[in-house]
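In: Need coordinates for the following:
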Amino acid sequence: MASVPLDRRPLVEPRTVYRFVHTADHESPELRNDFLSDKARAELLGEEYVPVGREAEIPELQESMSVFGSPEPMRERWARISRRAAEKGEPVKIGDFIAEVNLEPEQGFLVEDLGAEDQHLSLWGDPDQLVGAVGSIARAAAKRG
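Out: Sure thing, here's the model as predicted:
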C-alpha cells in the first residue's frame, strides 16, 4: 500500500510543538542531540538506523524529527513505551522529558502536519535554532494528582 505523499511546508505563523528529550538541562550538549533527526542521531551514536513506515518510502522524512502538537498524547505514548521497556528491563529510549519548542516562521522551519489523531508532526530545522526555541522542559511521566 502506498503511503501518503510528503506534504512538507514552511512554517508561516508561530507555533508551539513538543519533543521527547533526554535531559531537562537547557545547557546540556545532549539537548542539541535530541534535535537531530533519528537518522543523524543514530549516526552520531554509531548505531544502525533502519527507517520504517513512511520513512522507508520517503527518504526526505529521514531528515526530519517527530514532534507533537501537545504534550498529552506524548504522555500516553511515553507510558506505553515505559511499560514495555520495564517488562524488558530496558530504559525508555525516546527520553524521559518533554520539551516545549516555540517555533517562529522566520527561522526557516518546515513542518508536515497530516492531522494525526495523536497530533504527531514531522519537523525539519537547524538543531541549534531548535535548542534556542526550547521553553519549558517537563518530565514525560504523567503527573500524579
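
In: Torsion angles phi and psi at residue 138?
Out: Backbone torsions of residue 138, given as degrees, to the nearest 10, read phi -130, psi 160.

In: That one pairs with what?
Out: Beta-bridge partners recorded for residue 138 (DSSP bridges): residue 98.

In: Start at 44, not 1
Out: All set: I'll call the first residue 44, so the last point we hit is now residue 181.

In: Quick check: it touching residue 140?
Out: Yes. Counting by Cβ atoms under 8 Å, residue 181 touches residue 140, with 6.6 Å between them. From N, CA and C alone the C-beta is placed, and that goes for glycine too.

In: Overlap of the contact sets of the two?
Out: Residues touching both residue 181 and residue 140 (Cβ atoms under 8 Å, 6 or more residues apart in numbering) are residue 67.

In: Compare those two (neighbour count), which wins?
Out: Shown here are residue 181 and residue 140; by other Cβ atoms under 10 Å, residue 140 has more neighbours (21 against 14).
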